[in-house]
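Student: sharing a model that was predicted from the sequence below.
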Amino acid sequence: MWSFRLLLISLNVLGRAPVCGQAKTRLIPALGAKGAAAAQAALLTHVVSIARDWCEEEEQRRFRLWCSPDNRHPFFSQLAPDHQTRNQFDGDLGQRLLQIVQSELTSVEGVILLGGDGVSVSRQLLSQVESALLEVPVVMAPAEDGGYILLALKQLSADLFSGISWGSDQVVAESRQRLKKLGWQWREFPGQWDVDRPVDWQRFQEQMACHQ
């Protein structure tokens, strides 16, 4: 009789409040400040819905929504109950990710980090990542723009988060170099995308229309 071991896992979504003029600034030229803020709200709502649904399927999965600038913004209360929200740490993206992983690994065996605009994420992908973590210490879901929408770990080195060119098309390439230097095995799931540009927003709208 086969026996399968399950990881106690924490799924962490990083989200920014849809504040007019501060949210999805690269969409403002096309959508205007209010339109970009509305887009931010729609993207994060979509990602959180998938993430929470996946976590609710199994008892060993825990959901966290990491909020910026903090979880007092009323929008966040529409997405998750207070006990599932946390304030993002200070610092650049690498410092914030590092501190999330450090804090979560004190009580779980595996941590998944997911961008709030990583709208190509699916419950199937999350389950594949969860399974892969049983075999390797790091799993990535690279995005088409050279970054990644998802990073999962069951062990930690600060080298994975310091000195990375966040926001550039070199994030995954630099992360691979760090993993090779550490001598860690990892797995990648290709074909992911997030929303940064007007063309991405159009793609998301078309995706949602197909599912209506």
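Tutor: Yep, it's here.
Student: nearest residue to residue 100 in space, please, no chain neighbours.
Tutor: Spatial nearest neighbour of residue 100, excluding adjacent residues (Cβ to Cβ, 6 or more residues apart in numbering): residue 12 at 5.5 Å. C-betas here are computed from N, CA, C, even on glycine.
Student: number of nearby residues for that neighbour?
Tutor: Counted with other Cβ atoms under 10 Å, the neighbours of residue 12 add up to 22.
Student: that one: what secondary structure?
Tutor: strand (DSSP: H, G, I helix; E, B strand; the rest coil).
Student: from the chain's centroid, how far away is stretch 56-67?
Tutor: 13 Å (Cα atoms, centre = their mean, to the nearest Å).
Student: on contacts alone, who are the packing partners of the lowest-mean-pLDDT helix or strand in the chain?
Tutor: The helix or strand of the chain with the poorest confidence is helix 198-210; it has a mean of 91 (mean pLDDT, DSSP states H and E). Packing partners of helix 198-210 (3 or more Cβ pairs under 8 Å, 6 or more residues apart in numbering; DSSP states H and E): helix 28-56.
Student: find the centremost residue of the protein, please.
Tutor: residue 114 (1.0 Å; Cα atoms, centre = their mean).
Student: what about that residue, which helix or strand?
Tutor: strand 110-115 (DSSP states H and E).
Student: so what strands line up beside that strand?
Tutor: strand 9-16 (parallel), strand 148-153 (antiparallel) (DSSP bridges).
Student: flag every buried residue along that strand.
Tutor: 110-115 (16 or more other Cβ atoms under 10 Å).
Student: low-confidence bits of this protein, can you list those?
Tutor: Low-confidence segments of the chain (pLDDT under 70): 1-5, 212.
Student: switch to 50 and redo it
Tutor: Within the chain, the stretches with pLDDT under 50 are 1-3.
Student: of the strands paired with strand 110-115, which is nearest residue 100?
Tutor: Residue 100 lies closest to strand 9-16 among those, at 5.5 Å (Cβ to Cβ).
Student: which residues sit against that closest one?
Tutor: 22-23, 40, 44, 47-48, 51, 54-55, 60-68, 76, 79, 88, 96-97, 100, 104, 107-116, 126, 130, 133 (Cβ atoms under 8 Å, 6 or more residues apart in numbering).
Student: of those, keep whichever come out buried.
Tutor: If we count by 16+ other Cβ under 10 Å, the contacts of strand 9-16 have these buried: 22-23, 40, 44, 47-48, 51, 54-55, 61-68, 76, 79, 88, 96-97, 100, 104, 108-116, 126, 130, 133.
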